[in-house]
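In: next comes the sequence, and after it the predicted model I'd like to discuss.
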Amino acid sequence: MSLIIKIIIPAFNEENGIGEVIREIPKGLIAEIIVVNNASTDNTERIATEAGATVLREPIPGYGRACLKGIDYINQSKPFPDIVVFLDADHSDYPEEIVELIKPIVDGDADLVIGSRALGQKESGSMTPQQIFGNWLATRLLDLFYGVKFTDLGPFRAVKYNALIAMDMQDKTYGWTVEMQLKAAKNGFRCVEVPVRYRKRIGFSKISGTVKGTIMAGYKILATIFKYL
């Protein structure tokens, strides 16, 4: 029996990138593409719908909040998937690499797979210095406090559905990615990284593109790491 794979794509004002992202996803592999329109004021929802995605609405801004909306939808839709993939809407990742991302799970070697930009090839300027440093610091703290080795908090990731549910994700904003990684470690799940390519995003980053966003994201990531000790 073939595996059921669903994708959750949080999207806030990503009308310029979302269509490209959806079109580049390997369609024969994916059962459903779920785009969560997270308080967008542009044409994100219309473009995603026209591209063939299931579009949900989460009116309150927050990356984690959008992901939780997608999970809640999956929890109410049968059959349940075997694997859930998380992918950003800004076209910075390469959706065709989903095949490599899910392979460790398909092969029975992992419960959570992180697409590592640190191990892969990054286009010049695709990540800000503060993003690179923040990832370095956060992954070192994960190793120190939770005994799990990562090189990145990359949002492009795949996880077994039953492991995702067991992690009982809670964060509604910037701490989402690190919460998943530390909870995977606390639950004894097998964590693997695979190298992924990364390019400059389409449009303007609402987090790393502003001083306030960078500071808030950094604070929330560190607070989440210490919250679960």
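Out: Now that the structure is in, tell me what you want to look at.
In: nearest residue to the middle of this protein?
Out: The C-alpha lying nearest the average C-alpha coordinate of the chain belongs to residue 155 (C-alpha atoms, centre = their mean; 3.1 Å).
In: name the SS class of the residue nearest to it when sequence neighbours are not counted, please.
Out: Nearest in space to residue 155, with sequence neighbours left out and distances taken as C-beta to C-beta, 6 or more residues apart in numbering, is residue 88 at 5.1 Å. Heads up, the C-betas are built off the backbone N, CA and C, glycines and all. Of the three states, residue 88 takes coil under DSSP: H, G, I helix; E, B strand; the rest coil.
In: any figure for the gap between residue 88 and residue 163?
Out: Note on residue 88: its distance to residue 163, by C-beta to C-beta, to the nearest Å, is 21 Å.
In: now residue 62: how far from residue 175?
Out: Counting by C-beta to C-beta, the separation of residue 62 from residue 175 is 10 Å.
In: these two - which one has more neighbours?
Out: Neighbours were tallied for residue 62 and for residue 175 using other C-beta atoms under 10 Å; the higher tally belongs to residue 175 (24 against 19).
In: can you tell me, leaving aside adjacent residues, what's nearest to that one?
Out: The shortest distance from residue 175 to any non-neighbouring residue, by C-beta to C-beta, 6+ apart, is to residue 224 (3.4 Å).
In: residues touching that neighbour, list them.
Out: With contacts defined as C-beta atoms under 8 Å, 6 or more residues apart in numbering, residue 224 is in contact with 171, 175, 178-179, 182.
In: wait, doesn't residue 73 sit right on residue 34?
Out: Yes - using C-beta atoms under 8 Å as the test, residue 73 is close enough to residue 34 to be in contact (6.3 Å).
In: so the two - more neighbours on which side?
Out: residue 34 (21 against 16).
In: wait, a helix at the more buried one?
Out: No - with the criterion set as three-state DSSP, the secondary structure at residue 34 is strand rather than a helix.
In: contacting residues for it?
Out: The contact partners of residue 34, taken as C-beta under 8 Å, 6+ apart, are 6-9, 53-56, 70, 73-74.
In: let's see which of those end up in strands.
Out: With strands taken from DSSP state E, the overlap with the contacts of residue 34 comprises 6-9, 54-56.
In: re earlier: overlap of the contact sets of residue 73 and residue 34?
Out: Taking C-beta under 8 Å, 6+ apart as the contact criterion, the common neighbours of residue 73 and residue 34 are 54, 56.
In: can I get the CA coordinates of the helix or strand of the chain with the lowest mean pLDDT in CSV?
Out: Of all regular secondary-structure elements in the chain, judged by mean pLDDT, DSSP states H and E, the least confident is helix 211-227 with a mean of 87. Included here for helix 211-227 are C-alpha records, laid out as CSV according to Å, rounded to 0.1, in the frame of the first residue of the first chain:
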residue,chain,number,x,y,z
VAL,A,211,14.6,44.4,13.1
LYS,A,212,11.5,43.8,15.2
GLY,A,213,10.8,40.5,13.5
THR,A,214,14.3,39.3,14.0
ILE,A,215,14.4,40.2,17.6
MET,A,216,11.0,38.7,18.4
ALA,A,217,11.8,35.5,16.5
GLY,A,218,15.2,35.1,18.3
TYR,A,219,13.6,35.7,21.7
LYS,A,220,10.8,33.2,21.1
ILE,A,221,13.1,30.5,19.9
LEU,A,222,15.3,30.8,23.0
ALA,A,223,12.3,31.0,25.3
THR,A,224,10.9,27.8,23.8
ILE,A,225,14.2,26.0,24.2
PHE,A,226,14.3,26.8,28.0
LYS,A,227,10.5,26.3,28.5
